[in-house]
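In: pasting the sequence and the predicted coordinates here, then a few questions.
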Amino acid sequence: MPRFETKLQFSNNLLVKPIDIMTEPCTPSSPGGYPSDCEVMDGYRQIARERGEKTHPAGVSALVLEKAKNIRLLLLDVDGVLTDGTLHYSSSGEELKSFNTQDGFGISLLHQAGVETGIITARKSPMVERRATELKMTHIYQGARKKNEAFKEILKKTGFKPFEVAYMGDDWLDLILLQQVGLSITPANGADELKDVVHYVTSRPGGEGAVRDACTLILSARRELQKLLREYTLG
C-alpha cells in the first residue's frame, strides 16, 4: 500500500481541499498480523476522503463548501445556538436571554448578500421576537415542537428546495431538520449525536459566535465575504 502525506490547501482561512502526495510505500504487515502504523493512517485518510470530513479546525472540506455555496436561507434554533443555552429568570418570573452581537452582524451580512434567515424554536419568548425583529429575520416560528411542520411551511412559502436551506441546531429536537437540509450545522456545544450527522461543526459554542461562524462559511462559499469586507475598509 503506498504511503501518502496529506497537504492542506487553504483560501481565506477555509480549507479548499486536502492534497495527498505519495512519499514512500508502506511496509505491509505480516499475514494475519496487526496492520502497520502506516497502513492504519492510510485507512483513516481514506475514510476522511470518502466522508468529506473536516481535516483542520480552521477549515472545512471542499464537499461542505460546495453545499454552502447553494444556500439561500439559514434557519436557526435559539437556545444553545443564538444563546449559550442558559435560562435566566427575573424575580417576577420573566425569562431572560442574552444574544451575541457578532452573531447579529453575521446575520446582517447574510441579508446584504441576499440570503434570508429565520428561526424555528420549540420555546416561546418575547425576547426572541424582539431580537429577530431587530435583525430583520424573515421567518420566525416559536413554539414549534414539530419543527418539520414549520420547515415544510417555509419551503412552500418561499419555493426554496431543501438543498438551498441550511439549518443550525444543538440537540435531538433538531435532528429531523438536520437530516433534510442541504447544509446541516451544529455549534461546538451541540450534542454528540448531532456532531455524528451534520456537515459542519462550528469552532465556537452557541451564544459565543457560533452563528457568525456559520454565516462566514456561507458567505465564503458564495464568494461574498471579501466583497462585503471591502465595504467596511478604507480604499
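Out: Happy to help now that I have it.
In: what distance do you get for Val201 to Lys161?
Out: In this structure, Val201 and Lys161 are 24 Å apart, going by Cβ to Cβ, to the nearest Å. For every residue, glycine as well, the C-beta is placed using N, CA and C.
In: meant to ask about Gln102
Out: In this structure, Gln102 lies at 30 Å from Lys161, with Cβ to Cβ as the measure.
In: looking at Val201 and Lys161, which is more packed in?
Out: A side-by-side neighbour count of Val201 and Lys161, using other Cβ atoms under 10 Å, places Val201 first with 19 against 11.
In: what residues are up against that one?
Out: For Val201, the residues meeting the contact criterion (Cβ atoms under 8 Å, 6 or more residues apart in numbering) are 54, 185-188, 190, 195.
In: most neighbours among the residues you listed, which one?
Out: With neighbours defined as other Cβ under 10 Å, the most crowded of those is Thr186; it has 32 neighbours.
In: nearest spatial neighbour of the most centrally placed residue in the chain, skipping sequence neighbours?
Out: By Cα atoms, centre = their mean, the chain has its centre lying nearest to Ile185, at 3.0 Å. The spatially closest residue to Ile185, leaving aside those adjacent along the chain, is Met168, at 4.1 Å (Cβ to Cβ, 6 or more residues apart in numbering).
In: low-confidence ranges in the protein?
Out: Per-residue confidence for the chain (pLDDT under 70) gives these ranges: 1-59, 235.
In: how about a cut-off of 80?
Out: Where the chain drops to pLDDT under 80, the residues are 1-60, 234-235.
In: strands of this structure, start to end?
Out: Applying DSSP state E to the chain gives strands spanning 2-11, 14-25, 73-76, 88-89, 95-96, 116-120, 139-141, 165-168, 183-186, 200-201.
In: and Glu116, how far from Lys227?
Out: 19 Å.
In: just Leu175 next, same as before
Out: 35 Å.
In: mind checking which of those two has more residues around it?
Out: Set side by side, Leu175 and Lys227 show unequal neighbour counts under other Cβ under 10 Å, the larger going to Leu175 at 18 against 12.
In: surely the more buried one meets Gly190?
Out: No: with contact taken as Cβ atoms under 8 Å, Leu175 and Gly190 are classed as non-touching, separated by 10.6 Å.
In: ok so, going back, let me know the closest of the contacts of Val201 to Ser108.
Out: Distance to Ser108, by Cβ to Cβ, is smallest for Ile185 among those, at 18.4 Å.
In: residue contacts, Ile119?
Out: Applying Cβ under 8 Å, 6+ apart, one finds that Ile119 lies in contact with 75-78, 82, 128, 132, 137, 139-142.
In: quick check: bridge partners of it?
Out: Taking DSSP bridges as the rule, Ile119 bridges to Leu76, Ile140.
In: measure it to Val128 for me?
Out: Ile119 is 7 Å from Val128, where distance means Cβ to Cβ.
In: need the residues touching each of these two.
Out: Any residue near both Ile119 and Val128 by Cβ under 8 Å, 6+ apart counts here, and that gives 78, 82, 140, 142.
In: how close does the nearest residue to the last one once chain neighbours are set aside get to Gln102?
Out: Okay, so that is Gln142. For Gln142, ignoring the flanking residues on the chain, the nearest one in space by Cβ to Cβ, 6+ apart is Lys124 at 4.5 Å. For Lys124, the distance to Gln102 (Cβ to Cβ) stands at 25 Å.
In: same check on Leu175?
Out: The value you get for Leu175 to Gln102, if Cβ to Cβ is used, is 27 Å.
In: cool, and Asn189?
Out: 16 Å.
In: ok, the two, which is more surrounded?
Out: Neighbour tally, Asn189 and Gln102, criterion other Cβ under 10 Å: the higher count belongs to Asn189, 19 against 16.
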